[in-house]
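Peer 1: Fold the following, please.
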Amino acid sequence: MGRYLWAEFLLFEALRLLILYPTRHHGHRIVAFAAMICVAAQIFLTPHGASPDQITSTYLVGVMTAFRLTFTTYLLFAEGFFPNHWRRVRDGVLAEPDAAGLDNTPSSFPRSKKLWWMLDIAHSTRMIGWVQEPRNCLPAHPPPSRREFLRETTLKFIVNFAIADLSGAVSARCPTFDSRFPHNSTYALKNALAAFPILHHAPYALAFGVMTGASLNAVHNIIALAFVGIGNSSPTLWPDMYGRWGDAYTVRKLWGRTWHQHMRPMVAGLGRLVANKILKFPPGTNRSSYAQLYIAFFISAAIHFAGDFLSQQRMVYHSFKFFLLQAMAITFEDFVIYIAKQFLPQKGIKINPGKADESWAGAIVRVMGYCWVTLWFSMTLPGWRDNTSAIGAAYQDLPLTQLSLGLWKRWT
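Peer 2: Take a look at the predicted model:
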């Protein structure tokens, strides 16, 4: 990834922050938003000639650019009036002006507080600590004790690192992730996951999901330790990055409660904007619900497509196929659950993962759900991952500890 791509991305970020500065004057925001779109177009339409060892970082720049452009669009247009619609709980927001006539809205903050507000909302993709924080889907907030938080988060980091390491060892056994072999179309066709029997996909599909989740969790733990450790942030603002894996007994719950935590507010808000305000579907109807579902996965597909396009400089549609298939699976699930509720007795079936009051029938249904989710991703994940491994962007030759030890020996 060349230095010009980094410069373009930094310019994109600077314009994004300028847009999110809380002021009542919108002239600069319109100009900066137009300029940000132009810079994003420059990033994607200019060939950057990424070398094989830069493909992964180039892919990440594409994904981050698309994600942050989409998130900024959501903040500006999908909900209420920007910036005063978005309020942090700790700012002591007021519904009405106080006795002195002062309105405690972001556009009325002192300049220094505006700058911190701008930095906060730019990176608050889960809206934690804001009035608009999602309900009933986020993991539990940690207790306010800093010492307890640092101790527990350090332990979580160690566990996540170990899990990522072990799951990486499973991935390392798959030829499609081995950089020692030539990654060209002929090799990829013979050694892709899709070329193996479907039952062979399951361990690699599970390993990929666990490794990705644990790795990102470990990064989240490090960032949380840094911000809370220096006293810059409250422990209560750092719930776990993902929801409970025990809830992932349907494809809908896996994406909605366990995985899509950082994208959920954004895709849900944009889905409501399109379904209810543009398409005029009445809120609460099946038309509105499923329109929002497919819009959410289309947005997710487009964000990942941006990474594919930037790293490969060609139209690659594997991300669209994978993510839209997830929406179709959820539609199928809803139909099956509806039929089951109509014709099967519901008495005695209580699903409550990890709780003592879960019934035996509920536990059996939940285990069947885990098998279904594993089978589904064993069928659909290879078509997406084989594309990235074919260009050398998914290497996992060694577990993290072995890789770290090898680098240490080389450097010393």
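
Peer 1: just checking, what packs against the helix or strand hosting Ala268?
Peer 2: Secondary structure assignment for Ala268, by DSSP states H and E: helix 264-272. Helices and strands touching helix 264-272, by 3 or more Cβ pairs under 8 Å, 6 or more residues apart in numbering; DSSP states H and E, are helix 55-73, helix 286-312. No exception for glycine: its C-beta is placed from N, CA and C like everyone else's.

Peer 1: Give me the buried positions along the last one.
Peer 2: Neighbour counts over helix 286-312 (16 or more other Cβ atoms under 10 Å) mark 288, 290-301, 303-312 as buried.

Peer 1: Any chance you could list what contacts stretch 32-46?
Peer 2: 4-5, 8-9, 11-12, 15-16, 18-19, 61-62, 65-66, 69, 72, 76, 306, 309-310 (Cβ atoms under 8 Å, 6 or more residues apart in numbering).

Peer 1: Distance from that stretch to the middle of the chain?
Peer 2: Distance of stretch 32-46 from its chain centroid, counting by Cα atoms, centre = their mean, to the nearest Å, is 23 Å.

Peer 1: List the contacts of the closest residue to Leu138 other than its chain neighbours.
Peer 2: Among residues not flanking Leu138 along the chain, Pro239 sits closest, at 5.8 Å (Cβ to Cβ, 6 or more residues apart in numbering). Shown in contact with Pro239 (Cβ under 8 Å, 6+ apart): Ile128, Leu138, Pro139, Ala140, His141, Pro142.

Peer 1: Now pLDDT too, for these, in JSON lines please.
Peer 2: Below are the contacts of Pro239 laid out as JSON lines (pLDDT from 0 to 100):
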{"residue": "Ile128", "pLDDT": "92"}
{"residue": "Leu138", "pLDDT": "84"}
{"residue": "Pro139", "pLDDT": "87"}
{"residue": "Ala140", "pLDDT": "87"}
{"residue": "His141", "pLDDT": "90"}
{"residue": "Pro142", "pLDDT": "91"}
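
Peer 1: Now, the residues you listed that are in strands?
Peer 2: Counting by DSSP state E, no part of the contacts of Pro239 is found in strands.

Peer 1: ok, of these, which come out buried?
Peer 2: Buried members of these, counted by 16+ other Cβ under 10 Å: Ile128, Leu138, Pro139, His141, Pro142.

Peer 1: Run through the residues that contact the first one.
Peer 2: Under the criterion of Cβ under 8 Å, 6+ apart, the contact list for Ile128 reads Leu138, His141, Leu237, Trp238, Pro239.

Peer 1: Name the nearest residue to the second one, ignoring sequence neighbours.
Peer 2: This means His141. Counting by Cβ to Cβ, 6+ apart, the residue nearest His141 is Thr236, at 4.8 Å.

Peer 1: residues touching that neighbour, list them.
Peer 2: Counting by Cβ under 8 Å, 6+ apart, Thr236 has contacts Gly129, His141, Pro142, Pro143, Pro144.

Peer 1: neighbours around the closest residue to the third one other than its chain neighbours, how many?
Peer 2: Counting by Cβ to Cβ, 6+ apart, Pro235 is the residue found nearest to Pro142 once chain neighbours are left out, at 4.8 Å. Residue neighbour count, defined by other Cβ atoms under 10 Å, stands at 21 for Pro235.

Peer 1: For Ala66, give its distance to Ile303.
Peer 2: 4 Å (Cβ to Cβ, to the nearest Å).

Peer 1: Next: His220.
Peer 2: From His220 to Ile303 the distance is 19 Å (Cβ to Cβ).

Peer 1: still on that earlier bit, show the contacting residues for the residue nearest to Pro142.
Peer 2: Pro142, Pro143, Pro144, Ser145, Arg146, Glu148, Phe149, Val228.

Peer 1: which of those are buried?
Peer 2: By neighbour count, with 16+ other Cβ under 10 Å, the contacts of Pro235 hold Pro142, Phe149, Val228 as buried.

Peer 1: Which secondary structure element is home to the second one?
Peer 2: In this structure, Phe149 sits in helix 146-171 according to DSSP H and E.

Peer 1: Check Ala327 too.
Peer 2: helix 318-343.

Peer 1: quick one, strands of the stretch 101-250 of the chain?
Peer 2: Counting by DSSP state E, counting those that start in this stretch, one finds no strands in the stretch 101-250 of the chain.

Peer 1: Show me the contacts of Pro239 that map onto helices.
Peer 2: Using DSSP state H, no member of the contacts of Pro239 falls within helices.

Peer 1: CSV please, covering these and showing distance to Pro197.
Peer 2: Below are those laid out as CSV (distance: Cβ to Cβ, whole Å):
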residue, distance to Pro197
Ile128, 43
Leu138, 39
Pro139, 36
Ala140, 40
His141, 44
Pro142, 43
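
Peer 1: in the stretch 51-200 of the chain, which ranges drop under the pLDDT threshold?
Peer 2: Counting by pLDDT under 70, the stretch 51-200 of the chain shows low-confidence ranges at 51-53, 92-103, 172-195.

Peer 1: sorry, that was for the stretch 251-400 of the chain
Peer 2: 346-358, 387-400.

Peer 1: The same query, at a cut-off of 50, please.
Peer 2: Scanning the stretch 251-400 of the chain for pLDDT under 50 picks out the ranges 396-398.

Peer 1: How many neighbouring residues does Phe322 have?
Peer 2: With other Cβ under 10 Å as criterion, Phe322 counts 21.

Peer 1: Please disregard the earlier target; I meant Ser319.
Peer 2: Ser319 has 22 nearby residues by other Cβ under 10 Å.

Peer 1: ok, now which ones touch the nearest residue to it once chain neighbours are set aside?
Peer 2: Nearest residue to Ser319 in three dimensions, chain neighbours excluded: His304, at 3.9 Å (Cβ to Cβ, 6+ apart). Shown in contact with His304 (Cβ under 8 Å, 6+ apart): Val63, Ser319, Phe323.
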